[in-house]
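Visitor: Structure, please.
(one chain, ligands or ions: 1)
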Amino acid sequence: MNNKRIYLNAFVMNTPGHMSAGLWTHPDNDASGYRKSEYWIKLARLLEKGRFDAVFLADVLGTYDVYRGSRDPAVRRGAQAPVNDPSYIVPLMSAVTNHLGFGLTASVTHEHPYTFARRMTTLDHLTNGRVGWNIVTSYLNSAAVNIGLDKQIGHDERYDIAQEYLEVCYKLWEESWEEDAVVADKETGIYANPEKVHDIHHEGKYYKVPGAHLSEPSPQRTPVLFQAGASPRGREFASKNAELVFINAPSIEAGRETVKRLRADFEKNGRKPEDIKILTMLTPIIGETEESAHQKLEEFKKHISHEGAFALFGGWTGIDLSEFDDDDVLTYVENDSMRSVIEVLTRVDPDKQWTIKELRDFIGIGGISAYVVGSPEQVADELEQWMEEAGVDGFNLAHTTSPGTFKEFIEHVVPILQERGRVPKEYEGATLRDNLFGQGDRLPEDHPGKSTRKVRF
Ligand SMILES: Cc1cc2nc3c(=O)[nH]c(=O)nc-3n(C[C@H](O)[C@H](O)[C@H](O)COP(=O)(O)O)c2cc1C
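Guide: Predicted coordinates for the structure are as follows:
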């Protein structure tokens with residue numbers, strides 16, 4: 001076994017109930033403190049102490065209203081509703097840490113790239129270069145209609161929009177301000193040299209941005225690019241842009257196949273294997289012994305809200321499980337929701353079919369991603385097994401209780417992984433990109449965001 005480094009992200013959301021529906025009711029869960037600064041400050045300190053690479057902040061701009069055709073189940077059960085804006089918690093967490101990165105989810109479908117680019121540059125300045133962007137295209141129809149669209153834009157077109165959105169951002173971040181544009185000379189009173197600040201002249205199918213970036217360059221310029229859609233069109237987009245891909249897999253077999261497809265697409269688009277990290281979502285349930293871990297799992301299960309879990313599943317897949325019987329088998333349907341989710345449950349692992357009853361029992365803990373249950377040693381072993389057999393680079397760890405899951409993982413599993421040479425004891429780079437890739441703060445020269453220069457100064 002080689003000792004490939006394990007990358008660790010904490011997967012959270014600015015909401016009381018994230019992936020494990022109903023678990024906010026557990027007495028050890030403090031996640032309903034999400035409204036308070038102290039909750040995020042405490043979590044950030046903990047994660048940095050535990051040598052996590054980043055905190056990954058999920059987000060949606062609508063409520064989950066597919067199940068029973070209503071948003072009531074999600075609202076009633078606190079299933080990713082209510083949900084606050086994730087951007088504002090980043091400066092809170094960065095102010096009390098020096099190394100922890102922040103993967104901020106933001107949708108290309110619902111905000112203009114000109115204003116968004118400034119928001120990310122601002123965050124990159126405030127965090128000293130520790131910001132990543134989880135580029136999403138949004139899967140909820142309820143988000144689309146509330147920003148004034150008649151309905152959700154089609155699945156593949158959302159990725160076309162995303163590609164042009166990225167082009168606008170690349171131009172603003174990478175090309176608008178030259179490296180030495182800012183002089184900030186108090187003697188001459190010159191802050192910036194206007195000859196070195198350039199209009200980007202972007203005129204495309206979806207966006208028109210003639211002018212220059214509003215912000216001066218930040219430590220990373222372009223935030224680290226995360227992406228989490230693994231449908232064929234999603235993988236194509238990822239292979240042109242992403243530096244870190246986040247996948248969802250209910251088993252090692254499904255994970256292995258998704259990783260294989262992703263790496264093949266990256267190669268096809270001329271990206272080097274070391275240019276991309278693939279992290280899978282996983283929920284650890286840790287006990288002192290195997291037996292006590294399983295007791296914990298049983299205890300957690302008592303707090304699952306199946307109604308909340310079905311509400312989440314409806315939003316993710318566009319499928320209303322209230323229309324099925326327990327013994328029905330889930331089959332692939334093509335719609336405008338998250339295609340990779342339905343794909344991974346129906347098409348990726350040929351040996352596994354899911355009945356509705358099995359799904360109900362499974363998705364209450366950690367959604368459709370895997371969970372591992374055991375003693376600290378067993379959990380560490382299983383993570384290594386995922387690394388070897390699925391070929392992932394690390395994990396986006398979801399929680400049953402927060403900060404409980406992270407605290408237990410940090411106290412009991414991280415030291416084992418460090419002993420085994422899997423997780424470094426110190427942070428290796430100053431910025432998020434340098435910490436992840438060890439090749440400096442900026443996008444690599446051969447990244448498409450750099451190499452497809454379109455701005456003509
Ligand atoms: C593991 C995972 C996590 C995701 N997290 C979010 C999220 O927080 N917010 C969001 O709007 N979309 C999220 N997405 C949606 C994707 O980024 C993408 O827009 C969606 O999956 C549709 O793409 P696909 O059909 O290629 O999978 C996530 C997807 C996956 C697979």
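
Visitor: Going by C-alpha atoms from here, please, whenever you check contacts or count neighbours.
Guide: Noted.

Visitor: Parallel or antiparallel, list what pairs with the strand of greatest length in the chain.
Guide: Determined from DSSP state E, the single longest strand within the chain is strand 277-286. Counting by DSSP bridges, the strands paired with strand 277-286 are strand 244-247 (parallel), strand 370-374 (parallel), strand 394-397 (parallel).

Visitor: and those as CSV, adding mean pLDDT?
Guide: Compiled in CSV, these are given as follows (pLDDT from 0 to 100):
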stretch, mean pLDDT
strand 244-247, 96
strand 370-374, 96
strand 394-397, 98
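
Visitor: Send me the longest strand of the chain as PDB with only the CA atoms.
Guide: Taking Å, rounded to 0.1, in the frame of the first residue of the first chain, the C-alpha atoms of strand 277-286 are listed here in PDB:
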ATOM      1  CA  LYS A 277      -8.300  15.900  -6.800                       C
ATOM      2  CA  ILE A 278     -11.400  13.800  -6.400                       C
ATOM      3  CA  LEU A 279     -13.100  13.700  -3.000                       C
ATOM      4  CA  THR A 280     -16.100  11.500  -2.100                       C
ATOM      5  CA  MET A 281     -18.700  12.300   0.400                       C
ATOM      6  CA  LEU A 282     -18.700  10.000   3.400                       C
ATOM      7  CA  THR A 283     -20.300  10.100   6.900                       C
ATOM      8  CA  PRO A 284     -18.200   8.600   9.700                       C
ATOM      9  CA  ILE A 285     -19.900   7.100  12.800                       C
ATOM     10  CA  ILE A 286     -17.200   6.400  15.300                       C
END
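
Visitor: Toward the C-terminus from it, list the very next helix or strand.
Guide: Sequence order places helix 290-301 as the next helix or strand after strand 277-286, per DSSP states H and E.

Visitor: buried residues in that next one?
Guide: Glu290, Ser292, Ala293, His294, Lys296, Leu297, Phe300, Lys301 (16 or more other CA atoms under 10 Å).

Visitor: Compute the inter-axis angle for that helix and strand 370-374.
Guide: 130 degrees (axes from the mean of the first three to the mean of the last three CA atoms, to 10 degrees).

Visitor: list the helices and strands helix 290-301 packs on?
Guide: For helix 290-301, the elements it packs on are strand 277-286, strand 370-374, judged by 3 or more CA pairs under 8 Å, 6 or more residues apart in numbering; DSSP states H and E.

Visitor: The ones you listed: which one's closest to the ligand?
Guide: Counting by CA to the nearest ligand atom, the ligand lies closest to strand 277-286 out of the helices and strands packed on helix 290-301; the figure is 6.4 Å.

Visitor: which residues are in contact with that closest one?
Guide: The contact list for strand 277-286 (CA atoms under 8 Å, 6 or more residues apart in numbering) reads 7, 11, 243-249, 255, 259, 293, 296-297, 365-366, 369-376, 379, 392-400, 405, 408-409.

Visitor: For the chain, which segments are assigned as strands?
Guide: 7-13, 54-58, 101-107, 131-136, 182-185, 190-192, 202-203, 208-209, 224-227, 244-247, 277-286, 370-374, 394-397.

Visitor: Which neighbouring elements make contact with the second one?
Guide: Strand 54-58 sits against strand 7-13, strand 101-107, with contacts defined as 3+ CA pairs under 8 Å, 6+ apart.

Visitor: how about the ones you listed, which one is nearest the ligand?
Guide: Comparing those by CA to the nearest ligand atom, strand 101-107 comes nearest, at 5.7 Å.

Visitor: What strands flank that closest one, and is each parallel or antiparallel?
Guide: By DSSP bridges, strand 101-107 pairs with strand 54-58 (parallel), strand 131-136 (parallel).

Visitor: can you redo those as TSV with mean pLDDT and distance to Lys272?
Guide: Compiled in TSV, the strands paired with strand 101-107 are given as follows (pLDDT from 0 to 100; distance: least, CA to CA, whole Å):
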stretch	mean pLDDT	distance to Lys272
strand 54-58	98	23
strand 131-136	97	20
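
Visitor: Any chance of JSON lines for those strands, columns distance to the ligand and mean neighbour count?
Guide: Converted to JSON lines, the strands paired with strand 101-107 look like this (distance: least, CA to the nearest ligand atom, whole Å; neighbours: other CA atoms under 10 Å):
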{"stretch": "strand 54-58", "distance to the ligand": "3", "mean neighbour count": "25"}
{"stretch": "strand 131-136", "distance to the ligand": "4", "mean neighbour count": "26"}
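
Visitor: Can you tell me which of these is nearest to Ala74?
Guide: Ala74 lies closest to strand 54-58 among the strands paired with strand 101-107, at 16.5 Å (CA to CA).

Visitor: what's the spacing between that closest one and its chain's center?
Guide: 6 Å (CA atoms, centre = their mean, to the nearest Å).

Visitor: ok, and what's touching that strand?
Guide: Residues contacting strand 54-58 (CA under 8 Å, 6+ apart): 8-14, 44, 47, 86, 100-105, 396, 432.

Visitor: what's the angle from that strand to strand 7-13?
Guide: Going by the same axes, to 10 degrees, strand 54-58 makes 30 degrees with strand 7-13.

Visitor: Restricting to C-alpha, output strand 54-58 in CSV.
Guide: The C-alpha coordinates for strand 54-58 follow below in CSV (Å, rounded to 0.1, in the frame of the first residue of the first chain):
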residue,chain,number,x,y,z
ALA,A,54,-11.1,22.9,3.9
VAL,A,55,-14.7,23.4,5.0
PHE,A,56,-17.0,22.8,2.1
LEU,A,57,-20.1,25.0,2.3
ALA,A,58,-23.1,23.6,0.4
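
Visitor: For Arg221, give its distance to Pro194.
Guide: Here Arg221 is placed at a distance of 19 Å from Pro194 (CA to CA, to the nearest Å).

Visitor: Looking at the two, which is more packed in?
Guide: Ranked by neighbour count (other CA atoms under 10 Å), Arg221 and Pro194 place Arg221 first, with 24 against 11.

Visitor: tell me the pLDDT at that one?
Guide: Listed pLDDT for Arg221 reads 98.

Visitor: for it, what are its contacts?
Guide: By CA under 8 Å, 6+ apart, the neighbours of Arg221 are Thr121, Asp124, Trp173, Glu174, Arg442.

Visitor: I'd say the third one and Pro219 touch.
Guide: No: Trp173 is not in contact with Pro219 according to CA atoms under 8 Å; the separation is 10.8 Å.

Visitor: Can you pull the phi/psi pair for His201?
Guide: Phi and psi for His201, reported as degrees, to the nearest 10, are phi 50, psi 40.

Visitor: Please produce JSON lines containing the contacts of Arg221, extended by pLDDT, neighbour count and distance to Ser305.
Guide: Shown next, in JSON lines, are the contacts of Arg221 (pLDDT from 0 to 100; neighbours: other CA atoms under 10 Å; distance: CA to CA, whole Å):
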{"residue": "Thr121", "pLDDT": "98", "neighbour count": "26", "distance to Ser305": "39"}
{"residue": "Asp124", "pLDDT": "98", "neighbour count": "26", "distance to Ser305": "38"}
{"residue": "Trp173", "pLDDT": "97", "neighbour count": "27", "distance to Ser305": "43"}
{"residue": "Glu174", "pLDDT": "96", "neighbour count": "22", "distance to Ser305": "46"}
{"residue": "Arg442", "pLDDT": "96", "neighbour count": "20", "distance to Ser305": "44"}
